[in-house]
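Asks: Predicted model and sequence follow; I will ask about them next.
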Amino acid sequence: MTAHKNVARLPDVRLRQEFRGIRAWAACVVIAAFGPYIFPTLGIRTEQLVIYGSALVLAPVLMLSRRVSREVLHTLAAWTALCLVAMLATVAAAPLQSGRSVLAGLDSFLMPIAALTVAHGWSCSVRPRTGTVLESVALWIVLCVSANTCVSLYGTFGDITPVAQLFWSTTDPMDAVAARAAEMGRQTGLFNQPFEAGLAYSLGLFSLSYLRASCRLSGWSGSIMLGLILVGGLLTVSKVFLLVGLPIAIFSHFMGEASGRTSFKTRLVTALCLLVALVSLAAAVPPEASDRLRQLVSFQTSEDPVALYSAGRFGEGGSMKLVYSLVIENSPALGFGLRGIDGVAYDNAWIEMLVMAGLIGAALYSLVLVIMVLGVVRRRTIMSASARMLSGSLLGLLVFAGLGGPALTANRAAVLIWLLFGTVISLGATTTRPALHDNAEALGAIEARD
């Protein structure tokens, strides 16, 4: 009888180990997205080693698994086609190219493929619910951006350059975008650009809302994290956070299906933490940043509104108009390839694709967004209310943030986007593997205890 009980417990122990392993793996990958440059002279970052390595491990799992989502396959196919067009353009438009690194451009296209492979591979390689993986990814995003706020707050009073230069750039740290932004009173912490930091803090807000709605993070801890994320996002003075991420998070929280789960006590604690956070922010923000922040939120300025809210990208004398003209006049179909145009910032997702892959690339990028939206719409019926809230917020961020920068290819922040999308789109994936049916009771018991 005792031997029979020990044999019956084996699946339970094995499944529990898989739960812990996948959560630890997800934590390592998210933390790696915030990591430093490992080999600065080669431009190799922590997340490149971790995510590409994880993708090599999980790619065979996806190829052999019966749980692969159609939505993920369609997204991967469209993005791979976009990557191939950019590579073709690199060869075809070689005489027009500048001296930018081909490898850096290629990384912008390969990293999304690797990150999506890793995120969906987690749901196909182990037996626990995909919701558990999503909760782990969301939790560590919240923790990491909260920690980044602490770095930003220290940067308002002291010099973080000696440490932050390991995360900002492979060249002279004083030439980094983050260093120039800090001179204007904008603190990005470990992120090199306010745009990237604004994306990350927006994702932190969405992840926190998901965890609170799922009752995985509530009370004082959730309210403190909310205060830290809001302070960090405001310190960046990033338009992506102020005009896109924050409004979407507020709308989804108060208008979403999960908003009614918040108790009066939790709302009171949240309000108190927000009050403390905003008072602290008012004392910490330098005058240069506070003036810019006031301009953005008051809508009272003598500048051209389009130029102000697009940071000079569009409107009269917009920088994107020049880039568009260069591509259309020289190589409209394929663009300039992975090397792009030297000395030009890709401050718009469609402009970036236009430069690297021409009109074909811009069309394929739009197709990727359409596939992602349709994929979420098809899976909404099998998602929880909190997951629907998260997926809707994420898609809104991708569309509107893309107007101000390459949201799906930006370093660090784009990795977090693809990890969140890959796990949320995997919700409800089913399998016919006998092992799962044989261990259904053990799996249910573990889920109930966890």
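Replies: Right, received. Where do you want to start?
Asks: what's the burial count for residue 201?
Replies: For residue 201, the count of nearby residues is 35 (other Cβ atoms under 10 Å). Yep, even glycine has a C-beta here, placed from its N, CA and C like the rest.
Asks: ugh, wrong one, I meant residue 28
Replies: Using other Cβ under 10 Å: residue 28 sits among 12 other residues.
Asks: Now for the spatially closest residue to it that is not a sequence neighbour: which residues touch it?
Replies: What sits nearest to residue 28 in space, not counting adjacent residues and going by Cβ to Cβ, 6 or more residues apart in numbering, is residue 50, at 6.6 Å. Residue 50 is in contact with 28, 29, 32, 35, counting by Cβ atoms under 8 Å, 6 or more residues apart in numbering.
Asks: List only buried entries from the residues you listed.
Replies: Buried members of those, counted by 16 or more other Cβ atoms under 10 Å: 29, 32, 35.
Asks: From residue 354, how far off is residue 322?
Replies: Distance from residue 322 to residue 354, counting by Cβ to Cβ, to the nearest Å: 12 Å.
Asks: With neighbour numbers in mind, choose between these two.
Replies: Neighbour count, other Cβ under 10 Å: between residue 322 and residue 354, residue 354 has more, with 26 against 11.
Asks: Just the element for that one, please.
Replies: Assessed by DSSP states H and E, residue 354 sits inside helix 349-379.
Asks: ditto for residue 182
Replies: Residue 182 belongs to helix 177-183, assigned by DSSP H and E.
Asks: In terms of secondary structure, what does that helix contact?
Replies: helix 161-168 (3 or more Cβ pairs under 8 Å, 6 or more residues apart in numbering; DSSP states H and E).
Asks: Just the buried positions in the helix it packs on, please.
Replies: Residues of helix 161-168 classed as buried: 164, 165, 166, 167, 168 (neighbour count, 16+ other Cβ under 10 Å).
Asks: Return the residues in contact with the closest residue to residue 210 other than its chain neighbours.
Replies: Distances taken as Cβ to Cβ, 6+ apart put residue 390 closest to residue 210, at 4.2 Å, once the chain neighbours are dropped. By Cβ under 8 Å, 6+ apart, the contact list for residue 390 reads 134, 138, 206, 207, 209, 210, 420, 424.
Asks: Closest one of the residues you listed to residue 147?
Replies: residue 207 (13.9 Å; Cβ to Cβ).
Asks: And for the closest one, nearest residue in space, chain neighbours not counted?
Replies: residue 138 (3.7 Å).
Asks: Next one: that neighbour from residue 327, what distance?
Replies: 38 Å.
Asks: What of residue 246?
Replies: 33 Å.
Asks: more neighbours, those two?
Replies: residue 327 (23 against 20).
Asks: got the contact list for the more buried one?
Replies: Here residue 327 is in contact with 335, 336, 354, 355, 358 (Cβ under 8 Å, 6+ apart).
Asks: can you do 6 Å?
Replies: Applying Cβ atoms under 6 Å, 6 or more residues apart in numbering to residue 327 gives the contacts 335, 354, 355.
Asks: State the three-state secondary structure for it.
Replies: Here residue 327 is recorded as helix under DSSP: H, G, I helix; E, B strand; the rest coil.
Asks: got the CA positions of stretch 396-406 in CSV?
Replies: C-alpha atoms of stretch 396-406 as CSV (Å, rounded to 0.1, in the frame of the first residue of the first chain):
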residue,chain,number,x,y,z
GLY,A,396,-3.1,49.9,-27.6
LEU,A,397,0.5,50.7,-26.4
LEU,A,398,2.0,49.0,-29.5
VAL,A,399,-0.1,51.0,-32.0
PHE,A,400,0.1,54.4,-30.4
ALA,A,401,3.7,54.1,-29.1
GLY,A,402,4.8,53.1,-32.6
LEU,A,403,4.0,56.7,-33.7
GLY,A,404,6.8,57.9,-31.5
GLY,A,405,9.4,55.2,-31.8
PRO,A,406,10.1,51.5,-32.8
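Asks: can you pull the buried residues of it?
Replies: 396, 397, 398, 400, 401, 402, 403, 404, 405, 406.
Asks: any idea how far residue 399 is from the closest residue to the fifth one other than its chain neighbours?
Replies: Distances taken as Cβ to Cβ, 6+ apart place residue 407 nearest to residue 401, at 4.3 Å, with adjacent residues excluded. Noted for residue 407: a distance of 9 Å to residue 399, by Cβ to Cβ.
Asks: now swap in residue 216 and tell me
Replies: 27 Å.
Asks: Then residue 44?
Replies: 31 Å.
Asks: what do you get for residue 371?
Replies: Applying Cβ to Cβ to residue 371 and residue 399 gives a distance of 13 Å.
Asks: what do you get for residue 118?
Replies: From residue 118 across to residue 399, the span is 24 Å (Cβ to Cβ).
Asks: next one: residue 100
Replies: On the measure of Cβ to Cβ, residue 100 and residue 399 end up 27 Å apart.
Asks: give me the low-pLDDT residue ranges for the chain?
Replies: Filtered on pLDDT under 70, the chain yields the residue ranges 1-16, 94-99, 126-131, 170-174, 254-319, 343, 428-450.
Asks: all strands of it, in order?
Replies: Using DSSP state E, the strands assigned to the chain run over residues 37-39, 44-45.
Asks: residues contacting residue 326?
Replies: Residue 326 touches nothing, counting by Cβ under 6 Å, 6+ apart.
Asks: sorry, back to before: just the buried residues of helix 161-168 now: which is nearest residue 110?
Replies: residue 167 (21.1 Å).
Asks: Pull the number of nearby residues for the residue nearest to that closest one when sequence neighbours are not counted.
Replies: Computed as Cβ to Cβ, 6+ apart, the closest residue to residue 167 that is not its neighbour in sequence is residue 190, at 4.3 Å. Residues lying near residue 190 (other Cβ under 10 Å) number 24.
Asks: who touches residue 190 in this structure?
Replies: Contacts of residue 190 by Cβ under 6 Å, 6+ apart are 34, 148, 167.
Asks: and the second one, how many neighbours?
Replies: Applying other Cβ under 10 Å, we find 26 other residues in the vicinity of residue 148.
Asks: isn't it right next to residue 189, touching?
Replies: Yes. Using Cβ atoms under 6 Å, residue 148 is in contact with residue 189, at 3.9 Å.
Asks: Helices - which of the buried residues of stretch 396-406 land there?
Replies: Using DSSP state H, the subset of the buried residues of stretch 396-406 located in helices is 396, 397, 398, 400, 401.
Asks: could the residues you listed go into JSON lines alongside distance to residue 90?
Replies: JSON lines is the format used below for those (distance: Cβ to Cβ, whole Å):
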{"residue": "396", "distance to residue 90": "33"}
{"residue": "397", "distance to residue 90": "30"}
{"residue": "398", "distance to residue 90": "26"}
{"residue": "400", "distance to residue 90": "30"}
{"residue": "401", "distance to residue 90": "26"}
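Asks: Pick out whichever of these sits closest to residue 345.
Replies: For those, the residue nearest residue 345 by Cβ to Cβ is residue 401; the value is 15.3 Å.
Asks: Just list the residues touching the closest one, thanks.
Replies: 240, 244, 407.
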